[in-house]
Every structure is written in C-alpha cells, then in structure tokens.
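**Q** have a look at this fold, sequence not included:
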DNA sequence: TAAGGTGGCTCCTACG
DNA sequence: CGTAGGAGCCAC
Ligand SMILES: Nc1ccn([C@H]2C[C@H](O)[C@@H](COP(=O)(O)OP(=O)(O)OP(=O)(O)O)O2)c(=O)n1
Ligand SMILES: [Mg+2]
Ligand SMILES: [Mg+2]
C-alpha cells in the first residue's frame, strides 16, 4: 500500500515518469532501445566515464528512467566506488556535464511552426541543456527550437554548451536579437561584435564549412529588406536565428508567427508539405538561400529563382502565374511603397476561391491566411515595423512587457531592496556591534520617508523648462490622447487638486483636467535617484532601515535622538534629512515622524507634499481627522464593508474606534479585526528591524503574473508562453539559489458577459479567475518541470485559449538549495526503504524474478487496458493481479513495472552526495528501491499511467469542481475600474473544457486512420487527470460552442482506456516518432549514421502494430529519399535499402 | 494604442 | 483537531 499512500499523499497532483513498452517489444536489450542519433556510442561505459557529471542534478533529471536505472545498476556493480570517486569534488561539473550531452537524443521543444501537422511535446527526455546554468543564450536555442524544427547537429549543440559554460557573457549573445525590440538597437553594435567573437570561437572548435557564408554575412548591413516582412517556416538552413539576424541587420522585419495578417511578404522554408503549400499559396515562398544570396549580393534577388522544393505532388508548384511580373513588383516595392498591382490582386482573388475549398485542410496552427491585398494601412504597419502590436503571442512579449511595466519595476525594485537589506542585516548580526543606547527601552522614533509624486518629480527633471510646480503633470505611456486607457503612474500635486490620482486612467484624468501634461517613464532615472536616496539613509546610520519601496523607507532612529529633547532633535533631524535628500536628488521628499509605524505613516500623509510632520501627542484627536481609508491595510473592500456597517460614506478613524472589538473580529476575522481595533487607537507594534528576526523577512514565494496583452489562439501558443513563464521563474529561483516544490497556476478567463475586447487596450477586462496548484514531488528549479507542470495545470483548469486573459505562475514552499541536500537524505532512506518491504510482500513480481534469470536486464511490463475484462485480470499471476487491481483502484491507470537487479551494498559504497542525488531522482519519479531480499538485490518499481505523455500526473481521486472566482482587477476608487462594463451577475459556472484544436468538420472529413492519430494527438492536450477518450470525443463535438457545455454533464473521472502502442526512443505518440524520424533523416544527410541505429529503427518499424503510423513512416522516408534525389544529395545506402524493404512490406499489408 | 506585477498576510473551508 | 489549498485584500 505504500505506493498508493504515496500518491494520495499528493492529492493535487503528482508526476510519474511514463516508461511504457509493449510486452512483445523485442528490442529491449540493454542500451538498444535508446537509439543513438548522434553517432556517439552510448556504450556500457559511457555513464561511468562521466561520473562526475553527477555533481549536477540536472544530469540525472535529464535521464529517462531506463538510463537512470542503468546508471544505478552500473554504479552498484562496481566494488571500487570509493576510489573512483576520490576526486569527485575536484572535477568541474560543467565541463564533464557537457560531454555527456552527446549521449542523448536531441532536445525537443514544442514548436510553433513545422512543415507537418505534428507537434512535438516537450518531455523529460530532453538533454539537460538549459538546466543548471540557464544562460540567455541557451534560451536562444530554445527559442530557435520553438520556431523551427530542432536543429539536428548535436555537435554544434554541444559546443554551444561548452561555450556557454565558459562564456559568462552569454547573455549578450542572445540579447542581440531577442532584446531587439526592447533595446531598439542601442546595443546592437556591441552585441553583434560579441556574437562574432563567439562565433569565431565556435569555429575554432569545429570545421563548419557551410556556415562560413553566414558568418561573413552577419557583418553586412544594408537596407535591402526594407519593407519586407519575413517569416520562417519549419526547418531551414541556415537556421531561423541566422535568418532573423540577417533580415534585421539588413533593414527587414522578421515575424515569428503568421498571425500578423497580411504583413508577411516572404515565407522562408526549406521545403513545404502539401498542406503548407496550400496554406502559403498566396505568399512568396522561397528557400533560405534567397536571404543569404540577397545579403551576399547586397540586393534583393529574384525570389522566384529560389522556389521551394515541393515535397509531394510533383510539379504542381506554387503557381503565381506571372512570376516575372511579381518579381518586378517585389523589387519595386523596395524603392517605394506603391502597392496596387492588378496582377497581384487578381491573383489573390483567384486563390481565395481555391482557398475556400481547401480550407479544411488547414492544420489550424496558424491563422487563416489573409488573402486580401495590402492596404495602405498594412503598409504603414510594415513601415512602422518596430512598433507593431506585441501581444502574448510574440516571442519577445515578456521582455518587452516587463521593460515597460511600471508595476513590474516596482515589484522588482522592492524585492531587490528587501534582499539587499536582509543581507545587510544578516552580516550585521554576525558582527553584532552593540550600540550604545542611552534612551529608555520604550523610547522609539520611527520616521517614514517618501518622495512626493516620485515618478512625476523624477521624470520632470528631464524637462527643465517645465514648470512642475504650477502645471498639472503626470507620468504615463503613450501620448496625451483623450481616449487613452493608459494608467497614470504618478501625478503631481497640481493634478491632485483636480482629483487625479495615481493609477487612474489617462482619459478620466484628462476629463478632470484637460490641460494635463504627460511625461514619459524613465525607469533608469528612478533607480538612480533611489540609489542616492538609500545611500543617504544608510549614511545617517539609523538603528534600522526598512525599504518599503523604491521611493520610500521606514527608519528607526531612536538611538540618534536624545529622549530628553526628542521633539526638537527629531524636528531638526527630519528637516536636515529632507534638505539633504532634496539637494542630492533634486527631488522633494516628505517625512512622517512618530513613535510607531502606523503613526509615522499617517504623519507622512499629513506632511505631504514637501514637509515633515511629527506626531507624538493627542493621537486620538489626530486620528479623528483621518479618513479610515488612510489607514494602512484598509483598502476599498474593507472600507465598503465598513460603509455597510456604519451606514455613512465618509468614515473617519474616530467612527471606527466606536466599533467593539468583537464586532470587528466578526466582520473581518480575528487578526484583521484586532488590527483595525488597534489602528483606530493609534496602536501598532509592527517590527521593522530586519536583523531582529531575519527569517520573517525571507522570501516565501516567487510569482509571475501577466494580465495584460494575453491574447492566444491556440493551446500551442499558451504552452510556449507557459514555458517562458517557467523559465522566468527558473531564473528567479536560480538568482536566489532556491528550489521550489509547489506550483500554482492562476488564469483569468474572460467573463461571459465581458466583451471580447475589454475597455482597456489589451487589458484583461472582467474575468473569472481560476487557480490550481500542485506539488512537484521534490524541490526543483528545473524550468522543464515547472513548465510541464504549468501546462498540465492549465489543462486541468481547461480554459479555452481564446478566452484567456491572464496567466500567473506562483511557486511557494521555497527552500535554499544547499538545505535540500541535507533534507533529502533522511526521508528517502526512512520512508522508501522501509515501506517498500511491505510492497515486496504484496507484489514481489514473479514474472520479474523469472525474467531476471532469463535476461541480463530485466524490464518487465504489464500493460493492461483500463477496461480490461476482469476475467483477463483473473488469469494473471496473483502478484500481478494484485498490483494491477490496486493500481486500477488507485488511479484508474494501468500498471507497469520494471525490475532490475542492483546490489544495494555496493550502491551504499558510493559517495553520499551521489547516493542522494540518485535517490532523490528516483524518488521524484516514484521509483522505489527495496533494500531487498537477503539484502542483496533490490527491486525498482514504478507506477505508470496509461497516458502517452512522458511525464504524467497521477490524478487526484476526487476532482473538485472548479468554481470560478470573479476577478475584478483592483477596483480603484475612481470610476475606471478594471471592468467598467456591466457587472457580471455571477461567476460563470460553465465548464471550459474546450481546447479548440480541431474543427469538428475538419475531423470528420479526414480518413479514419488520420483521425485516430489526431484524436490521440488531441489527448495530449488534455490534462492527465482528466484525459479520457470519451471526454475528448465530447469535447470535439462541443468545441464549437464551448461556453455552453454544461458542467454536470462531464464526468471528469470518466476515462476510457487507450491501448498502449509500443515505444520507440521512449516515445510512442506517432507525432513524436515522426518528429524524431524527420530529424534523423535530416541528420543523415551530413553525418554518418550508425548501423546500430538502423537496426533499432528497423526493429521498431517491423514490430509496429499501428499500420497507419507504419505507412506514415514509410511516407516520410519516401519523401526524404525523393527530395534528396532531386537535390542530388547522396543518401546513405541504408535508407535506400530500408526503403525498398518497407515498400515491399507495405504491399503485403 | 499599451505594457493591469508581485509578494505577504489573512480568511475560509474541505479534507483526513 | 490541524493542515493546506484557494481566495481576498492590500501596497507600491
Ligand atoms: N498605482 C500606482 C502607485 C504608485 N506607482 C508608482 C509611481 C509612484 O511615483 C511611485 C511611488 O508611489 P507613491 O505611493 O509613493 O506615490 P507618489 O510618490 O507618486 O506620490 P506621493 O506623493 O503620494 O508619495 O510608485 C504606480 O506606478 N502606480
Ligand atoms: Mg511617493
Ligand atoms: Mg512611495
């Protein structure tokens, strides 16, 4: 029962690593099931040779189960572990780690564009490339993979890794294009140079002939691509990154997706599937060398000379009819923007007809092709290319958004400040220099210092001619347009007389004050001023400093003031401080001074603008003049409750004081009630001394929230974005050197009554909010784990991507990295080793034992369809039966077990660190080690699910119904709430299970075989928890009317089984297999393929039961052979041989 | 155009 | 009963 216990321990979600193989799968010999794509033989010793790589957790993470077990097996077979690891610590991990990469198949990321309709799912079979040192350059690789088929040269890959580990400035390498829009080319020059330096280095390490051209090309600058908008489809050579660079460096515009309708002028593709052929029929499609040659020659080449090889249907090519004319036209366009060309228009209209007919053939990854002729508007769009709309579909969205988000800046600054002062406090407490303290213990002087209308003041420094004191000035994005929905970040005190407030929309502010002057943000300047500000504060050496914000801090200055003359001294002190700040920063600050934080804050408010206020006596009198909403922590929600309670709209603190404690506690809860009670009497004991209790000030959670610009069409885009978020979280975790074991995904879904376009431009509008969290099993900072989890949670929530308006990832249960090592050890040994002995009694696998005799490596698996007839189960060996029934009972999933031999004693000889690493990893995967019979051999066991995804979640036994919470983004006191539309009557209790991947009509028209594949594909998009064949079918039917699905009609637990196909390369989904095949094929052009790989592949194909997949594979190879022939490429004889064999076989079928 | 983030605390309640 | 997930609220 220990297993089921373990799983139900994690009610929300757990993950298990799927490792399914069919029983009759014959190629189970030791290493052979891992096809070696990279020619580097993964021989028996490859693990041993790289033992030091164990010092990096990511290495283990990257292994698939079998590899992990092999490693463990290997380690446990050696008696000389101790001596082998003598120098364990001396080895530098990054170098050896990199070497180990070539053992693995190439990384696969879901890609946005491919030439076929299959989409790769990310998985844990990826190499651990970006794990431990996620340089931005590696991100670049990821990005590239996202947008094109994974580059297939493992050698380049590895060198990138090598380089990255050496090159600390790798960030800049990527920055040169990823931050292009954000940086607006300021650093372009420098970054390009760095890129070239890097590239030179790379070329030293290898002989890349075919890229020589590109290298020199990258130094070229011109405007030849001006007004051209380039889109890259699928795998190209040179890769998408290079093309991106070439295009941008030469005046063009590069887009990552086709959704910017009508913008794209050229599509670059290596080859086209028939589908893409149809889809792109109205574009100029050409080969990548068109770009290269154009740059090389300094002028646009005739694009039609670079027509793309069509994959399948012979010469039925891209018939643009009069190619010459078109060509002329395109040349013309470089010089002027004139644009009406009858030929084109006619042509396009013709195509429109055809397009209609074949529209159902779309794979729906892209927007429908926009076939109308370019309008002047479009041209403007192209011309203004940098200022194009960037929403969440844009690959650089996060970067750009963050760079412009004031709130993001505020949050980041605050975190940095808190961190900084926490460190300072920690260091100080070490030194612990007790201060001379002459005042009595109760004596306390707290001051609260805050700049007056900080952003406005600071930005105004950039406008020396502006009369800031008399003119209404504010800071916001965009111009002064009376329709603007831009937020006012900060407004000066002139504005406030008009009733303008921070956070108000510009257009409502303009209504209040038509002469309003808007200034731009200047974040670096704010930082700079803040730095000076804090330096001053540090300089006065107070008892403690508590950073509240970039422009604001609390100080305890008790020991700087003589108790006996505190009024005068504090007065002088504050005046001096204010003056100093004003002198050094040119910005006016105000100071509130009192004996606790609450009163200091209230005094500050009173002191503004540009003054100091002291409050020591007659506190109640003072409070009676204060409105309750000025109390810290008392916002609109509490205020309105108070209004309800008291019955008047203006409530001052005196009114609040009249409420009894009990009443307040009942209304607001114990703590809040008490706080209000105390606050109304000026009582507050908030501690601001970090060094007193540093733990209290430690970071407890990390999150990323994006509720602006979230506009998606497909689940794939959402997935990519979630990975981006996960990467950001990863970076934050890494910076703090922390790990997390809990992740929460929160999404905002457009409320039913909300308009598709909310009042605020690209805002989230009125939304329902859903959140769901999940335990990760082990502490981690691996973005793949985080990302996969997030994707999984997204599916579990089930929001239609089109309705998505906000996404947030929160991680909590943070733990310092170095603490993890200590903590991991004990529970593993205790729980897993002990409880497993019970396991053994239950399901000591007879079959496995038998196998262990029969085979050197024993991989047993029982594959039972979930709805398998119970009589079938009855016939099974009792141990199997029990195990299966238990698992069935547990999570409705079939069971698979793997057993291997391991000598636990030998394993125990390993260095502790390594043991822990492996144990942790096994634990994470729910593989248990049994200390075993006679203590000699051990037994691994793993729970599997029927789901085809590599990494699967174990479902919660009972699924809570999702009840959306109405989300009204921070209703401000003024009219412009986040949702200024009509209020939502109640949260929409509709199920949002639709993921609109397929049009049902499309589906119906497909041949059955293909449909099956697609349905299986679709399965991937469902949460593991909720996946069910029947549900999918339901969803397909409902997909056109998602919002009307009745929740009650969908039983989340209703899951039908799917028979497990056999696996290849640990993969079994046709899409993945084909993907791998494609990569392999492409690889095989330039590199030697091992005979072994062919053998394994052949074995796989011959054992394949799925006829359709079989045919698809053959088709692929056929295509490949054909293309190669057309291009005069010499193919490996093996392919040709395989081909004829398969063709022969297929005749038989 | 526009960039409505983020972390901490508290409350409520379902779950064992 | 304690715990934890999830929602609410708030501040800058
Ligand atoms: N809704 C808000 C509130 C604040 N800020 C930014 C701009 C402010 O300048 C800065 C500091 O916030 P304050 O609350 O200190 O506000 P100001 O400094 O602008 O005005 P005050 O004079 O009231 O301090 O934070 C913002 O962008 N949006
Ligand atoms: Mg301020
Ligand atoms: Mg402030």
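**A** Thanks, I have it. Keep in mind that this is a model prediction, so the values were computed, not measured. Residues are numbered from 1 along each chain as shown, chains lettered A, B, ... in the order given. Ligands and ions are numbered 1, 2, ... in the order given.

**Q** contact residues of chain A facing ligand 3?
**A** Proximity of chain A to ligand 3 is confined to A:450, A:549, A:551, A:552 under the rule CB under 5 Å from the ion. For every residue, glycine as well, the C-beta is placed using N, CA and C.

**Q** do stretch A:668-682 and DNA strand C meet at all?
**A** No: Stretch A:668-682 lies apart from DNA strand C when judged by CB under 7 Å from any atom of the strand; the minimum separation is 8.3 Å.

**Q** what's next to that stretch, contact-wise?
**A** Outside stretch A:668-682, the residues that touch it by CB atoms under 8 Å, 6 or more residues apart in numbering are A:596, A:598-599, A:619-620, A:622-623, A:631-634, A:638, A:641, A:653-654, A:656-657, A:659, A:661, A:663-667, A:684.

**Q** mind listing what's buried along it?
**A** Across stretch A:668-682, burial judged by 16 or more other CB atoms under 10 Å covers A:668, A:673, A:675, A:676, A:677, A:679, A:680, A:682.

**Q** does any part of the strand or helix carrying the third one sit near DNA strand B?
**A** Residue A:675 is located in helix A:670-679, with elements delineated by DSSP states H and E. Yes: in terms of CB under 7 Å from any atom of the strand, part of helix A:670-679 sits within range of DNA strand B, namely A:670, A:671, A:672, A:673.

**Q** so after that helix, what's the next helix or strand?
**A** Using DSSP H and E, the helix or strand that directly follows helix A:670-679 along the chain is strand A:702-706.

**Q** list the neighbouring strands of that following strand plus their orientation.
**A** strand A:804-812 (antiparallel) (DSSP bridges).

**Q** mind giving me the packing neighbours of the following helix or strand past the partner strand?
**A** For strand A:804-812, the following helix or strand on the C-terminal side (DSSP H and E) is strand A:815-816. Applying 3 or more CB pairs under 8 Å, 6 or more residues apart in numbering; DSSP states H and E, we find strand A:815-816 packed against strand A:738-750.

**Q** is any residue of the strand it packs on near DNA strand C?
**A** Yes: shown here: strand A:738-750 in contact with DNA strand C (CB under 7 Å from any atom of the strand) through A:742, A:744, A:746.

**Q** nearest to ligand 3, out of those residues: which one, please.
**A** residue A:746 (26.8 Å; CB to the ion).

**Q** and the closest residue to DNA strand B within chain A, helix, strand or coil?
**A** Relative to DNA strand B, the nearest point of chain A is residue A:763 (2.1 Å; CB to the nearest atom of the strand). The three-state label for residue A:763, taken from DSSP: H, G, I helix; E, B strand; the rest coil, comes out as coil.

**Q** and it, what are its phi and psi?
**A** phi -80, psi -180 (degrees, to the nearest 10).

**Q** now it: closest residue in space, sequence neighbours ignored.
**A** residue A:708 (5.9 Å; CB to CB, 6 or more residues apart in numbering).

**Q** my guess is the one you found is in a strand, correct?
**A** No: applying three-state DSSP, one finds residue A:708 to be coil, outside a strand.
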